[in-house]
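**Student:** generate a structure from the sequence data that follows.
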Amino acid sequence: MSDGKSKAQVFAARLFSTVLLFGIVGGTFVSMNPWAYLALVAFLSIAASMELYRMIGISGLPSQIRWGRVVSIGYTLLVAYLLASMGSGAFDLLGAVDGTAIALVVLSSFIFQLREPIDGKKPLIAVASTVLSFLYIPFLFSFLGRILFVPECEGAVPGAWLLLWLVCVTKFTDIGAYCTGSLIGKHKMIPHISPGKTWQGFFGAIVWAMGIGCGLYAWQQEALAVLGGWGHVVGLCILLSLLTVVGDLAESVIKRSLEVKDSGNTLPGIGGALDLIDSLCFTAPALYFYLHWVI
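**Tutor:** Model (predicted):
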């Protein structure tokens, strides 16, 4: 149950939000406009970052919230602009941008903390929470945009099908875990972090991920040729489904630590933007680096 609602009501709300989201993603996909893709990615990243900082502020956890927001928004918009205007030509430059941004966040967090008196562990927690907030959402989620330009194909958005494949595998893992767990879930998986997760849901998630991942690849083998063949597809489906579960649990750790239920209430049955993209923050970098270093 959630806030007095039955499982059926929660499922219906989540289904509505999921269909709506797939409609938005579908519209962006059909446009084949890199600016549309990167605008959506940037919007979700910024919205999720704002939700995280809001939760941190409400909880009272020491953090440099204002500076964290400035850096997160600035970095996200810069990465989106470079990718939308330069495509894969921005990759080398983005490497420098990433290094500079990470160094800036670490150095500035310590510098700003020098203004405050030492109060137990609070200064260290403030620096750590600011740096982690930047790495967790703006940095990791930025790889979603980079995937658009990984394949050596023609077109303004050469990795459109690859990005759609990633999103489907990730989200169907979530859907599969929820549906399977709701129907036949009995054995708790990790109750001290997420009481609703079950082992039945976990294995169901892998099956759903494998089904959508292999199905899409069989349908669009030419467009998804960058995946390197059936062996890589199967391996990636398993890897990404595992990371999806870990990504979801990672957000659960954050929410339970900050004593909040949902990052927001923008999406009925799902929550906020962070509840939507938490798993993609883990699967997008994994797919990006797999394509670069394995295939």
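**Student:** ok, which stretches of the stretch 101-250 of the chain are strands?
**Tutor:** Here the stretch 101-250 of the chain has its strands, by DSSP state E, counting those that start in this stretch, at 188-190, 194-198.
**Student:** winner for burial among the ones you listed?
**Tutor:** strand 194-198 (a mean of 18; mean count of other CB atoms under 10 Å). Every C-beta, even on glycine, is put in place using the N, C-alpha and C of the backbone.
**Student:** from the contact counts, what lies against that strand?
**Tutor:** helix 160-184, strand 188-190, helix 230-258 (3 or more CB pairs under 8 Å, 6 or more residues apart in numbering; DSSP states H and E).
**Student:** among the strands of the stretch 101-250 of the chain, which is nearest residue 76?
**Tutor:** strand 194-198 (27.8 Å; CB to CB).
**Student:** what sits against the nearest residue to residue 145 once chain neighbours are set aside?
**Tutor:** Excluding its sequence neighbours, the residue lying closest to residue 145 (CB to CB, 6 or more residues apart in numbering) is residue 41, at 4.6 Å. Residues near residue 41 by CB atoms under 8 Å, 6 or more residues apart in numbering: 80, 141, 142, 144, 145.
**Student:** next, the buried residues of stretch 87-105.
**Tutor:** By neighbour count with 16 or more other CB atoms under 10 Å, stretch 87-105 contains the buried residues 87, 90, 94, 97, 101, 105.
**Student:** send the alpha carbons of that stretch over as CSV?
**Tutor:** Extracted C-alpha coordinates of stretch 87-105, given in CSV (Å, rounded to 0.1, in the frame of the first residue of the first chain):
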residue,chain,number,x,y,z
GLY,A,87,27.8,15.7,-32.0
SER,A,88,30.5,13.1,-31.6
GLY,A,89,33.0,15.9,-32.3
ALA,A,90,32.4,17.1,-28.8
PHE,A,91,33.7,13.9,-27.1
ASP,A,92,37.3,15.0,-26.7
LEU,A,93,36.3,18.4,-25.5
LEU,A,94,33.8,16.8,-23.0
GLY,A,95,36.6,14.8,-21.5
ALA,A,96,38.3,18.1,-20.6
VAL,A,97,35.0,19.5,-19.4
ASP,A,98,34.3,16.5,-17.2
GLY,A,99,37.8,16.7,-15.6
THR,A,100,37.5,20.5,-15.1
ALA,A,101,34.0,20.2,-13.6
ILE,A,102,34.9,17.5,-11.1
ALA,A,103,38.1,19.3,-10.0
LEU,A,104,36.1,22.5,-9.7
VAL,A,105,33.4,21.0,-7.5
